[in-house]
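1. when you get a sec, could you give me coordinates for this:
(one chain, ligands or ions: 1)
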Amino acid sequence: MKKHSTLGEFIINNQKEFQGSSGELSRLLNAIRLAAKVVNHEVNKAGLVNILGAAGETNIQGEDQQKLDVYANEKFMQTLINREIVCGIASEEEDDFVIIKSNNEANKNKYIVLMDPLDGSSNIDVNVSVGTIFSIYERITPIGKPVTIEDFLQCGNKQVAAGYVVYGTSTMLVYTTGSGVNGFTLNPALGTYYLSHPKMKFPRKGNIYSINEANYIHFPQGVKDYLKYIQKEVEKGNQYTSRYIGSLVSDFHRNMIKGGIYIYPTSLKNPKGKLRLLYECNPMAFLAEQANGMATDGYQRILDIKPTELHQRVPFFCGSPSMVEKSDYFMQQYPEDADY
Ligand code: P6P
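-> Coordinates of the predicted model:
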């Protein structure tokens, strides 16, 4: 595919590779493309209109819902529902999964979407990048019947597609359908995404580590040992840099381009980790592995974890393989911490 082709051309071309594909996945990706443009417009002018600050409610995570969280969730939900291209949706901002019906009947679509409509929303008021994360599966219960929780509790290794939108200095949509990772940059003047980062890959090695070291005292010993290892490497004259901006999508995106590791381990406040397995860790892990990276909970592949709850949390180690292998090595010296 030539560089600077548009996302629309790329999706159509990609569909040709899916023999016998019905075009449903293409229509779904196009819906996400549109919703991301609408959210991007709002995120970019958030400072100008009274959309900042909490919406006065809290989500199931007990976190203050920023108005943009609520707005982004509504836009993605609306777009997916209006286009009648999915049979179910799960969202960080919805307590339970949503059954999508057509004429009050369960519809005949086969895909479900799980999403974090606006990740890193605490950054909104301080003008730091935020992102949307999405994950797509085929349903496993009979088509035409209402989706059930089983459709949403599939292992991450069953994902059909996954991606994120990063609303940063430029807005990018980065996604995979299982044949590598490609990044598209939005030209806001035209409302068109162009293929700017074809075949994105994590460098095998890296020297950026992203972790909230304020929680150091409560980290598992394996994480403390890994951080001490980095300090010793620096003492030996090897280059490392700490970069953590409180926005998973942005930290992941930078680390994929430059090489690095993102870690959100268990801590006193988050005894199972903070990130949610279904709509944060699984899609980012699918992208990571498709970009020659790795993603574990310190002990096993994220994509092999069997989910048990819609909003469950897991520890997350993700990035350049040599760095994740090293952090896993230290974690696995303490097998008792595998049972979080
Ligand atoms: P902490 C944002 O809320 C998020 O889910 C990720 O995007 C981010 O990396 C992490 O939480 C930040 O959490 O506890 O370090 O502020």
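2. now L25: how far from A106?
-> Per C-beta to C-beta, to the nearest Å, L25 is found 20 Å from A106. Every C-beta, even on glycine, is put in place using the N, C-alpha and C of the backbone.
3. quick check: domain ranges of this protein?
-> Annotated domains of the chain cover 7-197, 208-338 [automatic domain parsing].
4. make CSV out of the ones you listed and add mean neighbour count, distance to the ligand and mean pLDDT.
-> Below are the domains of the chain laid out as CSV (neighbours: other C-beta atoms under 10 Å; distance: least, C-beta to the nearest ligand atom, whole Å; pLDDT from 0 to 100):
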stretch, mean neighbour count, distance to the ligand, mean pLDDT
domain 7-197, 18, 4, 89
domain 208-338, 19, 3, 97
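5. which residues of this structure fall in helices?
-> Secondary structure of the chain (DSSP state H): helices at 7-17, 24-44, 67-82, 149-152, 221-235, 248-258, 282-290, 321-331.
6. pipe the ones you listed into CSV and attach distance to F202 per row.
-> As requested, the helices of the chain are exported to CSV (distance: least, C-beta to C-beta, whole Å):
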stretch, distance to F202
helix 7-17, 21
helix 24-44, 23
helix 67-82, 27
helix 149-152, 28
helix 221-235, 18
helix 248-258, 5
helix 282-290, 7
helix 321-331, 7
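7. quick one: which of those helices is nearest S91?
-> For S91, the closest of these is helix 67-82, at 5.6 Å, according to C-beta to C-beta.
8. report the angle between that closest one and helix 24-44.
-> In terms of direction (axes from the mean of the first three to the mean of the last three C-alpha atoms, to 10 degrees), helix 67-82 departs from helix 24-44 by 150 degrees.
9. packing partners of helix 67-82?
-> If you count contacts as 3 or more C-beta pairs under 8 Å, 6 or more residues apart in numbering; DSSP states H and E, helix 67-82 packs onto helix 24-44, strand 54-58, strand 88-91, strand 111-119, strand 130-138.
10. switch the cut-off to 7 Å
-> Here helix 67-82 touches helix 24-44, strand 88-91, strand 111-119, going by 3 or more C-beta pairs under 7 Å, 6 or more residues apart in numbering; DSSP states H and E.
11. just checking: what are the partner strands of the second one?
-> Sheet neighbours of strand 88-91, with direction, are listed as strand 98-99 (antiparallel), strand 111-119 (parallel) (DSSP bridges).
12. and those: which comes nearest D328?
-> Of all the strands paired with strand 88-91, strand 111-119 sits nearest to D328, with 24.2 Å by C-beta to C-beta.
13. may I have the closest one as PDB, with CA atoms only?
-> In PDB, the C-alpha atoms belonging to strand 111-119 read as follows (Å, rounded to 0.1, in the frame of the first residue of the first chain):
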ATOM      1  CA  TYR A 111     -19.300  -8.200  15.800                       C
ATOM      2  CA  ILE A 112     -19.100  -6.800  19.300                       C
ATOM      3  CA  VAL A 113     -17.000  -3.800  20.300                       C
ATOM      4  CA  LEU A 114     -15.400  -3.100  23.700                       C
ATOM      5  CA  MET A 115     -13.900   0.300  24.300                       C
ATOM      6  CA  ASP A 116     -12.400   2.900  26.600                       C
ATOM      7  CA  PRO A 117     -13.900   5.900  24.900                       C
ATOM      8  CA  LEU A 118     -11.500   8.400  26.500                       C
ATOM      9  CA  ASP A 119      -8.500   7.100  28.300                       C
END
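14. contact partners of it?
-> Here strand 111-119 makes contact (C-beta atoms under 7 Å, 6 or more residues apart in numbering) with 24-25, 28, 68-69, 72-73, 76, 80, 86-93, 130-139, 147, 151-152, 160, 247-249, 278-280.
15. wait, H311 touches R276, no?
-> Yes. Using C-beta atoms under 7 Å, H311 is in contact with R276, at 5.7 Å.
16. what's the spacing between D151 and T192?
-> Distance check for D151 against T192: by C-beta to C-beta, it reads 33 Å.
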